[in-house]
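K.L.:
sequence and predicted structure, then a few things I'm wondering about:
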Amino acid sequence: MMKYASEMSYTCLPWLFLSLSLLLFTATRAKVPAVIVFGDSSVDSGNNNVISTLLKSNFQPYGRDFYGGHPTGRFCNGRIPPDFISEAFGLKPAIPAYLDPAYNISDFATGVCFASAGTGYDNATSRVLNVIPLWKELEYYKEYKQKLRAYVGKKKANQILREALYLMSLGTNDFLENYYIFPTRRSQFSVRQYQDFLLGLGGYFIRELHGLGVRKLSITGLPPMGCLPLERATNILGQNECQDKYNNVALEFNRKLEGLVAKLNKELPRMRMVSAPAYDIFYQIIRRPSLFGFEVTGMACCSTGTFEMGYLCSQYNPFTCRDANKYVFWDAFHPTEKTNKIITDHLNPGLLAKFSH
């Protein structure tokens, strides 16, 4: 009998250990009850669908590799970074857009997106294509807070909002759709002055978030924007290689952003903020695509892969690729789902280590 009891105890130990491990893992991931998103098309899950702008993606072939093959308004063939980050924290695998009428506060309680494709730190950037400015994203967030309190009660809502992970990703449009296209900001600022101007706006926005109770924030800097297919296609004299000028601007901006994050972490009580280092892994993918399982990096999957996005990215274009997994970029401006996943898989361990306790 004692031998049997002893054998039973040894047999049960691995299961007990596994059960405890799973409980601890679940408890750890549950420390972030929601993922809340601000920014541009890199993180927009469909808010532009319902506003009067030409910058939309709620039609095929966008979303063809998303759940059910449905276009959602994500500028991608499938999921985007916040979706993968949410899933890594044990939450839902796709974050809904706040303005999407198919969802309500019960869906938004564990994650919501306020981002708008085409926006930037600079209000002038959002006016280029008539999209939602950053200040309006903040107003929607305040509205959301009230709805959440009415839904789960004030105490529970405050806990969710305090423990939630907030994501910010924007800035590319400020340069490529505004500063380098229109003369107004160039007449007012040198490129370095414009970087500082944008970071000043970003710092003000983060202080506003902190004042509203935000305590966990990951902010993504600029990508290697000189390597976007659109910029390579226009670099005719440079044999369609990456435009180093734009990449250098991105690197300098990101260094300044890291300084701002360090400064605000010291200034804002109980604020935990990181600058997500996405540039380097993205650049590695572009420069050494075969190491990551890609075949094409200079052109995008959609249409001719050189300048098309939005309505120009058509399912009827015979040049649209059959397998997006071979391509780093989905359209002339945005990465494929596979690229998004590789980048977020690279970032998630750091986010989990920083924010899961």
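P.N.:
Arrived safely. Numbers count the residues shown, from 1 in each chain.
K.L.:
can you tell me the closest non-neighbouring residue to residue 97?
P.N.:
residue 46 (3.7 Å; Cβ to Cβ, 6 or more residues apart in numbering). C-betas here are computed from N, CA, C, even on glycine.
K.L.:
residue contacts, the one you found?
P.N.:
Shown in contact with residue 46 (Cβ atoms under 8 Å, 6 or more residues apart in numbering): 58, 72, 73, 74, 96, 97, 99, 100, 113.
K.L.:
let's see 6 Å
P.N.:
Contact analysis of residue 46 by Cβ atoms under 6 Å, 6 or more residues apart in numbering lists 72, 73, 97, 100.
K.L.:
which secondary structure state does the second one sit in?
P.N.:
It stands for residue 73. coil (DSSP: H, G, I helix; E, B strand; the rest coil).
K.L.:
I'd guessed it sits against residue 58; true?
P.N.:
Yes: when contacts are counted by Cβ atoms under 6 Å, residue 73 is listed as touching residue 58 (4.5 Å).
K.L.:
returning to that earlier point: nearest to residue 342 among the contacts of residue 46?
P.N.:
residue 72 (20.8 Å; Cβ to Cβ).
K.L.:
these two touch, right, the closest one and residue 63?
P.N.:
Yes: between residue 72 and residue 63 there is a contact under Cβ under 6 Å: 5.3 Å.
K.L.:
where does the chain have low pLDDT?
P.N.:
Where the chain drops to pLDDT under 70, the residues are 1-30.
K.L.:
please name the nearest non-neighbouring residue to residue 37.
P.N.:
Among residues not flanking residue 37 along the chain, residue 113 sits closest, at 4.2 Å (Cβ to Cβ, 6+ apart).
K.L.:
bridging residues for that neighbour?
P.N.:
Residue 113 has the following beta-bridge partners by DSSP bridges: residue 37, residue 97.
K.L.:
quick one, what contacts it?
P.N.:
Taking Cβ under 6 Å, 6+ apart as the test, what residue 113 contacts is 37, 45, 95, 97.
K.L.:
likewise residue 43?
P.N.:
37, 82, 115, 169.
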